[in-house]
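Visitor: Test case, fold it:
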Amino acid sequence: MAACPISSDAVDEMNEPGAAPFGNFINYYTFNPPENRLSLIPASLLRDLGYNDGQQTTLILDVGCNSGELSVAFYKHLVQEPVCEEDPERSKVHLLGFDLDEILIQRAQQTNPLPSSISFIPLDIIQGSNQLQDYLNQHGCSHFHLCLCLAVTMWVHLNHGDSGLLQLLSRLASISQHLLLEAQPWKCYRSAARRLRKLGRSDFDHFKTLKIRGDVAEHAREHLERHCGMELIKSFGSTAWDRELLLFKRR
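Guide: Prediction:
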């Protein structure tokens, strides 16, 4: 897919972190490299969850994958045996990353070192998830075995309100056996809103009317456990940015 031409003004805008109201920072992994999360996650995670037995297909979903660096690093971190691109059937682990920013997805596709095992698609999950179901059907699975939702919740919350956040969590829970969640704390909401105001932009549509506030991760846990049939089974601790990595399992 050919990239759309971008004006110099648009490039300047995308390089300004405060000008990414959906979290689609153009150079995100330069200021939050994959190691910030991977240092907390054991390389044995798939085996610990009973997935990496070499027999069954294992599917991983990366929500809001940006330009794909974390998706690739996460895959290599968890899949210990090197993937043979000439014989992709040897790999039973597949990862699908998606983001609503088509330019970031184009970059992820172009730099993907493991195209037989890792795929990237443009998708706004709030608008629908048919493409995810198609991917599951393609691999003969009813759900993703592990879903990553890392630093995504705030952007959905700010742009789609409380109902959008709960819809996201419910939708991910419905298609995932395990969910690894990193929810931004409320101080990040204030910082994001402040950056927009500093740039002379309109505030996020829902910021002032959100009822889910304070400990957003706790609100997310309550929703997942009370309404989505999931339970918290592990905390991997907090990143350098003071965001906890929580692992949920479908009951």
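
Visitor: contacting residues for F236?
Guide: 40-41, 244-247 (C-beta atoms under 8 Å, 6 or more residues apart in numbering). Where you see a C-beta, it was placed from the backbone N, CA and C, and this is true even at glycine.

Visitor: possible to save those as JSON lines with pLDDT and neighbour count?
Guide: Converted to JSON lines, the contacts of F236 look like this (pLDDT from 0 to 100; neighbours: other C-beta atoms under 10 Å):
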{"residue": "L40", "pLDDT": "97", "neighbour count": "16"}
{"residue": "I41", "pLDDT": "97", "neighbour count": "17"}
{"residue": "E244", "pLDDT": "97", "neighbour count": "17"}
{"residue": "L245", "pLDDT": "98", "neighbour count": "20"}
{"residue": "L246", "pLDDT": "98", "neighbour count": "21"}
{"residue": "L247", "pLDDT": "98", "neighbour count": "18"}
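
Visitor: mind putting the residues you listed in JSON lines, distance to L165 and secondary structure included?
Guide: As requested, the contacts of F236 are exported to JSON lines (distance: C-beta to C-beta, whole Å; DSSP: H, G, I helix; E, B strand; the rest coil):
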{"residue": "L40", "distance to L165": "24", "secondary structure": "coil"}
{"residue": "I41", "distance to L165": "24", "secondary structure": "coil"}
{"residue": "E244", "distance to L165": "17", "secondary structure": "strand"}
{"residue": "L245", "distance to L165": "18", "secondary structure": "strand"}
{"residue": "L246", "distance to L165": "15", "secondary structure": "strand"}
{"residue": "L247", "distance to L165": "19", "secondary structure": "strand"}
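
Visitor: low-scoring stretches of the stretch 1-150 of the chain, by residue?
Guide: For the stretch 1-150 of the chain, the stretches flagged by pLDDT under 70 are 1-19, 52-54, 81-91.
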